[in-house]
Structures are given as structure tokens and as C-alpha cells.
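1. From the sequence below, what's the structure:
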Amino acid sequence: MRAEPLISVITVCYNSAATLTRALQSVVDQDWPRLEHIVIDGASKDETAVIIDRFRAKLAHIVSEPDQGIYDAMNKGLNRATGDIVCFLNADDQYASNSVLSRVAMLMYEHQLDALMGDVGYFHEANPQRMVRRYRSNNFTPGRLAWGWMPAHPALFLSRAVVERVGRFKTGYRIAGDYEFIVRAFHGHEMRYRHLPEVLVNMQTGGASTSGFGAKLRLNREVLRACRENGLQTNIVKILSKYPAKILEFLRR
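-> This is a model prediction of the structure:
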């Protein structure tokens, strides 16, 4: 990895006018100079395209066309990413400070990491300044994949070598495609990774994997499927056992 690695930030969006400005501006405000920001829009019908156009000069690639779902859109971003480090910032997320990417770049270079993971702070739309839950990625180890644990995806940074080895997201998944991708990245491979015990990304609640019982049911079914498809022995009891620890995230902020 180069001493000043290029970071590819991929943002996928669809009808995201309410939150997209905040996400794009948080990338513009980063103090790391070597980055490319790629925006993949699923042909939004609201003002998303207008917002993207305002940031056009700061964006490396813009795609606006129909897609087959979020993981298809993410793959379009990966196909255009040229960075030494690759990450995703969702349209309703924002970096927690202006120095997130510079810290990530320096740590990954200094320690020659395959992956770096931080924490994510959740907030409600009505009060963005108040964190209601902290997703701590230190709960993750490759050995806990069979229990459904994964690092917080918006605060996960992967080296280009890992992305090239893993390939692309499986578009047959609706919610847990990122988990399946992480299983392929970590399971059965020696990974040099480190947890940075800080909130790197703030996320608005209400995403596809956090919106109700039906979403949780689908999520856990897809997690079970991802494990089985990748030769990871588990069962639904193991996967559900993570929830008591997750409840504590609301108490330990």
C-alpha cells in the first residue's frame, strides 16, 4: 500500500434527497486529499439528481440509471473504484469528523492492514446530535461470524487486495448481502485487521436492516443462508443469541 493511499468512497442512493446533502458534504469536508467519491443513483424520482449535480465537481464518477437493488448498485460502484482502500458511505450516513479518512489512511498504511473497522453511532432524524445507539465493531472477530456478528459496514475499510479477492456482492440478497460479502472476506483467510474504538460514521435510523420485525426476520434468514453457502457451520439459535448483547448497545453509548 502506498504511503498516501487513494481512498474510494462509494455512495449508493435512491430517492435520498432528504439526507444526501449531509452525506456528500461530509466527504467533501474530509482533510485527506487523495480520495475519489463515486455516487451511484438508481434513477431517483425526487430531487436527488439536483443535489448530486451541486457536488458534481467533487465527484469522480456519477451513475444514474435503474438497478436491480442496493447490492447491484454497490457492485457498480466497485466496478469503478480504483482506490488502495475501498469503503461505502450510505446516503443517510455521514462521517463523524473531518479527519476520519486521514486517520484510516495512515493507520492502514502504517500497519499494512487488510481491513480497519470503527464504530457507528445511530441517531433519529428529529435529533441528529443525539446518539441513541453505538454499534461497537470490537464485538466482531472472524470466529463470531457463525453467530451473525459483523463489523459495522459503513465504518469498514478494506484494502484493494481484499476487494479483488472477494469479488462482488451477490445480488440475490435483499438485506444481508454485506454480511455475506464479509463472510467471504474473513472466513478461512488470514486477515490483518484492527478495530479503531471510535465512532467513525453517524447513521440515521430506519435503514433496510433496522426497520421492523419483518426486516429482522428476513435478515436472519439471509445470514443463515450466507453461512451455509460459504461452508460456515451455524444454526438459527446461534444467530439469534447475539441480540441480548445488541440490546446493551442502547445502554452503553
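
2. where are the low-confidence patches of this protein?
-> 206-213, 243-253 (pLDDT under 70).

3. quick one: buried residues of the longest helix along it?
-> The single longest helix within the chain, with elements called by DSSP state H, is helix 213-229. Residues 218-220, 222-227 are the ones in helix 213-229 that count as buried (16 or more other CB atoms under 10 Å). The C-beta positions use only the backbone N, C-alpha and C, and glycine is treated the same way.

4. contacting residues around whatever helix or strand comes next after it?
-> Following helix 213-229 in sequence order, the next helix or strand is helix 236-240 (DSSP states H and E). Here helix 236-240 makes contact (CB atoms under 8 Å, 6 or more residues apart in numbering) with 146-148, 220, 223-224, 227.

5. For those residues, name the two members farthest from one another.
-> Pairwise distances across those peak at 13.1 Å for 146 and 220 (criterion: CB to CB).

6. any idea where the strands of the stretch 51-200 of the chain begin and end?
-> With strands called from DSSP state E, counting those that start in this stretch, the stretch 51-200 of the chain shows them at 61-64, 85-88, 93-95, 115-124, 127-135, 156-159, 193-204.

7. Who does the shortest one pair with, and is each partner parallel or antiparallel?
-> The strands that strand 93-95 pairs with in its sheet are strand 193-204 (antiparallel) (by DSSP bridges).

8. Export only the CA atoms of the partner strand, formatted as PDB.
-> Coordinates of each C-alpha in strand 193-204 appear next as PDB, following Å, rounded to 0.1, in the frame of the first residue of the first chain:
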ATOM      1  CA  TYR A 193      -7.300  -6.100  10.700                       C
ATOM      2  CA  ARG A 194      -7.600  -3.600  13.500                       C
ATOM      3  CA  HIS A 195     -10.500  -2.000  15.400                       C
ATOM      4  CA  LEU A 196     -10.400   1.700  15.900                       C
ATOM      5  CA  PRO A 197     -12.500   2.300  19.100                       C
ATOM      6  CA  GLU A 198     -14.200   5.500  17.900                       C
ATOM      7  CA  VAL A 199     -17.400   6.400  16.100                       C
ATOM      8  CA  LEU A 200     -16.300   7.000  12.500                       C
ATOM      9  CA  VAL A 201     -19.800   7.200  10.900                       C
ATOM     10  CA  ASN A 202     -23.100   8.500  12.100                       C
ATOM     11  CA  MET A 203     -26.100   6.700  10.700                       C
ATOM     12  CA  GLN A 204     -29.800   7.700  10.600                       C
END
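
9. what angle do it and strand 127-135 make?
-> Between strand 193-204 and strand 127-135, the angle comes out at 140 degrees (axes from the mean of the first three to the mean of the last three CA atoms, to 10 degrees).

10. what's next to strand 193-204, contact-wise?
-> 19, 89-90, 92-96, 100, 103-104, 107, 111, 113-125, 128, 131, 134, 136-138, 140, 151-152, 154-155.

11. and with 7 Å instead?
-> Defining contact as CB atoms under 7 Å, 6 or more residues apart in numbering, one finds that strand 193-204 is touched by 19, 89, 92-96, 100, 107, 111, 113-123, 125, 134, 137-138, 154-155.

12. buried stuff in that strand?
-> 193, 195-196, 199-204.

13. So which residue of the protein lies furthest out from the middle?
-> Ranked by distance from the centre of the chain (CA atoms, centre = their mean), the top residue is residue 237, with 25.8 Å.
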